[in-house]
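Asker: this one's sequence-less:
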């Protein structure tokens with residue numbers, strides 16, 4: 001394939017070219033249109049870019065691909081503005097889709113902070129107004145809290161005698177489950193077959209391709225009830241040449257599962273350029289919106305809580321040590337400053353004077369200067385999601401106080417310190433759209449353009465920084481910076497063609513740019 005007559009930003013030493021020649025799945029030559037067209041072979045496909053902008057394919061460094069795919073098949077509650085809105089939307093879904101009695105009904109996306117009145121969590125009583133004949137679970141947008149109805153409690157055999165779950169809690173009267181206690185519900189929902197998983201993944205990949213995503217670091221193994229089924233689904237799709245995104249699997253496993261996983265021959269780096277085992281994924285705390293992120297002090301707007309740590313310090317250190325000694329990279333979910341300090345202390349103990357495996361922290365939201373410096377001192381990767389600013393800039397000061405908010409979401413400071421930082425969406429917690437993510441990183445505004453000057457604007461990224469850290473740095477996080485992440489000779493031909501020049505357009509319009517084509521390994525996987 002040849003692409004010519006374009007504005008091709010290689011993200012490699014500032015080089016911009018007009019044309020690319022691709023052979024098989026790799027870029028073999030860059031240059032001007034005339035010299036590249038002179039290399040045309042018989043029957044070779046040539047694409048006239050008509051002056052459009054080309055950049056490396058987006059590499060989302062943290063999302064939940066399978067989880068996103070399942071949201072395409074459940075009730076979408078992302079835009080509800082009241083509890084009555086939830087009730088009506090789910091009632092209509094049951095009616096329109098003829099959901100049988102006793103069949104589980106799942107929904108996701110509600111956020112009480114977006115309710116126009118009565119900004120509270122929905123409850124068991126609210127969901128009972130929808131149905132007492134269908135077991136219902138509706139997850140908050142963050143995925144760290146869910147509410148269920150009475151039928152769901154009955155099906156799951158949950159009563160006043162049900163024991164608490166370490167690293168989580170629940171209120172049976174309210175029907176609200178948080179963090180690890182979600183397993184009491186989720187473990188009772190019928191699990192998909194391998195064929196079901198494959199179909200869901202294909203839907204999700206097709207959508208991701210339409211947004212210019214060519215590689216994904218995805219956390220899927222805990223999402224279908226049996227991690228072996230998920231591995232089988234990916235491995236079969238790979239053999240069938242049906243993977244249209246390159247997958248780096250972030251493996252959410254408990255210690256006993258991890259031991260079995262390693263005994264089966266899996267560890268970081270096992271696989272090929274389309275499906276590869278990535279880091280052990282560990283959840284250390286919850287989310288800011290749900291007030292379950294672990295803070296060093298009580299929440300400013302709720303003095304009764306400082307969040308939830310999902311593991312004791314000893315348990316965290318134990319699993320980090322075990323993974324590190326068994327050649328697993330590690331990526332740990334941390335949102336609160338308390339969880340980050342604890343995890344960084346564990347990392348410092350474990351990796352001191354040992355082989356470096358590019359361990360990291362996912363989210364990295366609430367931090368102070370001590371945390372920032374420690375990231376650099378022990379060379380820990382940061383997986384960030386700038387799209388979180390769309391919502392969090394409205395709540396962060398209320399949640400953690402003005403002083404701590406000033407040093408949080410410190411993306412530019414992290415880059416300036418030389419911290420390896422990569423971008424992702426955390427979809428389906430947020431929408432699957434890298435361009436919206438880049439908009440937030442560059443403007444530090446919500447999607448409506450607020451605040452006018454941006455939130456902590458000293459932390460704005462340049463467009464070049466945002467794209468570089470969404471491509472080359474995401475490749476670094478998976479030890480693949482030498483084979484992808486830039487448009488360079490001998491690298492994989494993973495590219496995206498945009499409707500507008502993202503480098504010249506006003507930054508406020510970046511979120512409106514569309515994807516014209518997505519190319520993975522020299523094959524067009526999406527075309528507008």
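Answerer: Ah, there it is. What you see is a predicted model, and the numbers here were worked out from it, not measured in a lab.
Asker: all helices for the stretch 201-350 of the chain, in order.
Answerer: 227-239, 255-263, 313-325, 337-351 (DSSP state H, counting those that start in this stretch).
Asker: So which bits of the third one are buried?
Answerer: Pointing back at helix 313-325 there. 315-317, 319-320, 322-324 (16 or more other C-beta atoms under 10 Å). The way it works is simple: take the backbone N, C-alpha and C, and place the C-beta from them, glycine included.
Asker: export those residues to CSV and tack on distance to residue 300 and pLDDT?
Answerer: Formatted as CSV, the buried residues of helix 313-325 follow (distance: C-beta to C-beta, whole Å; pLDDT from 0 to 100):
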residue, distance to residue 300, pLDDT
315, 29, 95
316, 26, 95
317, 30, 95
319, 32, 96
320, 30, 95
322, 37, 95
323, 35, 95
324, 36, 94
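Asker: so which two of those residues are the farthest from each other?
Answerer: Maximum pairwise distance among the buried residues of helix 313-325 (C-beta to C-beta): 14.9 Å, between 315 and 324.
Asker: out of the buried residues of helix 313-325, which one sits closest to residue 60?
Answerer: When the buried residues of helix 313-325 are compared against residue 60 (criterion: C-beta to C-beta), the nearest one is residue 323, at 22.8 Å.
Asker: Who's the closest spatial neighbour of residue 324, skipping the chain neighbours?
Answerer: Nearest non-adjacent residue to residue 324, counting by C-beta to C-beta, 6 or more residues apart in numbering: residue 350, 5.1 Å away.
Asker: hmm, I was thinking of residue 255
Answerer: Nearest non-adjacent residue to residue 255, counting by C-beta to C-beta, 6+ apart: residue 319, 5.1 Å away.
Asker: Check which helices and strands the strand ranked longest in the chain sits against.
Answerer: Ranked by residue count under DSSP state E, the longest strand found in the chain is strand 275-283. Helices and strands touching strand 275-283, as assessed by 3 or more C-beta pairs under 8 Å, 6 or more residues apart in numbering; DSSP states H and E, comprise helix 227-239, strand 246-252, helix 313-325, strand 330-334.
Asker: I'd like to know how many residues surround residue 304.
Answerer: 7 (other C-beta atoms under 10 Å).
Asker: Surely it and residue 291 touch.
Answerer: No: counting by C-beta atoms under 8 Å, residue 304 stays clear of residue 291, with 9.3 Å between them.
Asker: what bits of the stretch 301-450 of the chain have low per-residue confidence?
Answerer: When residues are selected by pLDDT under 70, those of the stretch 301-450 of the chain lie in 353-355.
Asker: domain assignment for this protein?
Answerer: Per the record, the chain has its domains at 2-51+490-527, 74-186, by automatic domain parsing.
Asker: per-stretch mean pLDDT over those, give me the minimum one.
Answerer: Among the domains of the chain, domain 74-186 has the lowest mean pLDDT, at a mean of 93.
Asker: Between the two ends of that domain, how far is it?
Answerer: 15 Å (C-alpha to C-alpha, to the nearest Å).
Asker: Next: stretch 174-190.
Answerer: By C-alpha to C-alpha, the extent of stretch 174-190 from end to end equals 24 Å.
Asker: And stretch 451-459, by the same measure?
Answerer: One end of stretch 451-459 to the other measures 14 Å (C-alpha to C-alpha).
Asker: again, but for stretch 268-280
Answerer: 8 Å.
Asker: Might you quantify the distance of it from its chain's geometric centre?
Answerer: Computed by C-alpha atoms, centre = their mean, to the nearest Å, the chain-centroid distance of stretch 268-280 equals 17 Å.
Asker: got it, and stretch 308-326?
Answerer: Its chain's average C-alpha position is 22 Å from that of stretch 308-326, according to C-alpha atoms, centre = their mean.
Asker: what do you get for stretch 261-272?
Answerer: 22 Å.
Asker: Go through that stretch and flag the buried ones.
Answerer: Quick answer for stretch 261-272 (16+ other C-beta under 10 Å): 261-262, 266-269, 271.
Asker: Next, the distance between the ends of it.
Answerer: Counting by C-alpha to C-alpha, you get 18 Å between the two ends of stretch 261-272.
Asker: list the contacts for residue 380?
Answerer: Residues near residue 380 by C-beta atoms under 8 Å, 6 or more residues apart in numbering: 344, 347, 359-361, 374, 419.
Asker: at 6 Å instead, please
Answerer: Residue 380 is in contact with 360-361, counting by C-beta atoms under 6 Å, 6 or more residues apart in numbering.
Asker: before we move on, what about the one 3 residues further on?
Answerer: Counting by C-beta under 6 Å, 6+ apart, residue 383 makes contact with 61-62, 360, 362, 422, 424.
Asker: Who's the closest spatial neighbour of residue 496, skipping the chain neighbours?
Answerer: Nearest to residue 496 is residue 212, by C-beta to C-beta, 6+ apart, at 3.7 Å.
Asker: Please confirm that residue 190 is located within a helix.
Answerer: No: Residue 190 is assigned coil when assessed by DSSP: H, G, I helix; E, B strand; the rest coil, not a helix.
Asker: Against residue 85, how distant is residue 107?
Answerer: The spacing between residue 107 and residue 85, counted by C-beta to C-beta, to the nearest Å, is 12 Å.
Asker: if you count what's nearby, which of the two comes out ahead?
Answerer: Taking other C-beta under 10 Å, residue 107 and residue 85 do not tie; residue 107 has more neighbours (24 against 15).
Asker: For the residue lying closest to the more buried one once chain neighbours are set aside, give its distance to residue 140.
Answerer: Distances taken as C-beta to C-beta, 6+ apart put residue 75 closest to residue 107, at 3.3 Å, once the chain neighbours are dropped. Between residue 75 and residue 140 the distance is 13 Å, computed by C-beta to C-beta.
Asker: Near the residue nearest to residue 324, how many other residues are there?
Answerer: By other C-beta under 10 Å, 20 other residues sit near residue 350.
Asker: Tell me which residues touch it, please.
Answerer: Residue 350 is in contact with 320-321, 324, counting by C-beta under 6 Å, 6+ apart.
Asker: One more pass at 8 Å, please.
Answerer: The neighbours of residue 350, taking C-beta under 8 Å, 6+ apart as the test, are 317, 320-321, 324.
Asker: before we move on, what about residue 148?
Answerer: Listed by C-beta under 8 Å, 6+ apart, the contact partners of residue 148 are 124, 127, 135-138, 156, 175, 177, 185.
Asker: tell me the two of those that are most distant?
Answerer: Once C-beta to C-beta is applied, the contacts of residue 148 give 138 and 156 as the farthest pair, at 14.9 Å.
Asker: So for these two, which residue has more residues nearby?
Answerer: residue 138 (28 against 19).
Asker: what is that one paired to in the beta sheet?
Answerer: Beta-bridge partners for residue 138, by DSSP bridges, are residue 107, residue 147.
Asker: How much space separates it from residue 179?
Answerer: Distance from residue 138 to residue 179, by C-beta to C-beta: 16 Å.
Asker: Kindly report the same for residue 461.
Answerer: 31 Å.
Asker: how far away is the residue nearest to residue 255 from residue 467?
Answerer: Per C-beta to C-beta, residue 319 is found 34 Å from residue 467.
Asker: can you check residue 383 too?
Answerer: According to C-beta to C-beta, residue 383 and residue 467 sit 16 Å apart.
Asker: quick one on the thing from earlier: in this structure the residue nearest to residue 496 contacts residue 519, no?
Answerer: No: assessed by C-beta under 8 Å, residue 212 is found out of contact with residue 519, at 9.9 Å.
Asker: all strands for the stretch 1-150 of the chain, in order.
Answerer: With DSSP state E, counting those that start in this stretch, the ranges of strands along the stretch 1-150 of the chain come out as 2-4, 7-9, 16-17, 19-23, 26-31, 46-48, 53-56, 58-63, 75-76, 105-110, 136-140, 145-148.
Asker: for those, which one ends up most surrounded?
Answerer: strand 58-63 (a mean of 30; mean count of other C-beta atoms under 10 Å).
Asker: Output the contacting helices and strands for that one.
Answerer: strand 213-218, strand 421-423, helix 463-477.
Asker: do you know which of the ones you listed lies nearest residue 165?
Answerer: Of those, nearest to residue 165 by C-beta to C-beta is strand 213-218, at 25.6 Å.
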